[in-house]
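Participant: okay, structure incoming, though there's no sequence with it:
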């Protein structure tokens, strides 16, 4: 009786174990299938993301090239306009109109030339004078910029230290110096006055004016 009961219990245990094993196998199959499906979806999403990233990168690159091209075109245009403005000032200074400006200020100067370089071939590229003005008492090299800063004024002063050895033919009289611009930044004009330079201005209508000056305070180079 007891043996029969034990056999039934063992048989029931084996049955349940078999069912549990089958259930476990089924669960493992489902889990593997779920993992496989999840991996497939992940790969699809990853491939999609990579494609979108690549397309976005290509679009960004295209836009960058487009913006870069527009920027370069704008820089070229501005540079051309800047050079055009500077050239316009040079032409204006080379005209007889500027003679009247100096004459009205009590300093009659005349146009000697523009874009002048030293005559000596070995130093021909060391300095160029935008406009050369003068009379029987003075020679006045003029530096022309659309915009003058203090740094540019200092650079011109340094350049003027080389004037006499490079242009001896203009140095049989006192050598002054002048600057001319449409705009002076952050007190560059006052700095030029303090350094003994003549300061010319030109407006959008190409009208030249000369700042008041004290001849005794003008710097001789």
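Facilitator: Arrived safely, thanks for sending. All of these numbers come straight from a predicted model, not from anything done at the bench.
Participant: from here on, contacts and neighbour counts on C-alpha atoms
Facilitator: OK.
Participant: just the pLDDT for residue 122.
Facilitator: pLDDT, residue 122: 72.
Participant: got a list of contacts for the longest strand anywhere in the chain?
Facilitator: If you go by DSSP state E, the chain has its longest strand at strand 138-148. With contacts defined as CA atoms under 8 Å, 6 or more residues apart in numbering, strand 138-148 is touched by 82, 85-86, 89-90, 129-134, 156, 170-171, 173-185, 188-189.
Participant: and stretch 186-193, which residues are buried?
Facilitator: Buried residues in stretch 186-193, counted by 16 or more other CA atoms under 10 Å: 188-189, 192-193.
Participant: which of the residues you listed fall within helices?
Facilitator: Among the buried residues of stretch 186-193, the members falling in helices (DSSP state H) are 188-189, 192-193.
Participant: now the protein, which segments are flagged as low pLDDT?
Facilitator: In the prediction, the chain carries residues with pLDDT under 70 at positions 1-25, 27-28, 30-31, 34, 38, 60-61, 64-97, 121, 123-124, 204.
Participant: quick one, strands of it?
Facilitator: According to DSSP E, the strands that the chain contains are 110-116, 129-134, 138-148, 174-175, 178-184, 198-202, 208-210.
Participant: ok, which of those strands comes nearest residue 45?
Facilitator: strand 138-148 (57.2 Å; CA to CA).
Participant: strand partners of that closest one, parallel vs antiparallel please.
Facilitator: strand 129-134 (antiparallel), strand 174-175 (parallel), strand 178-184 (parallel) (DSSP bridges).
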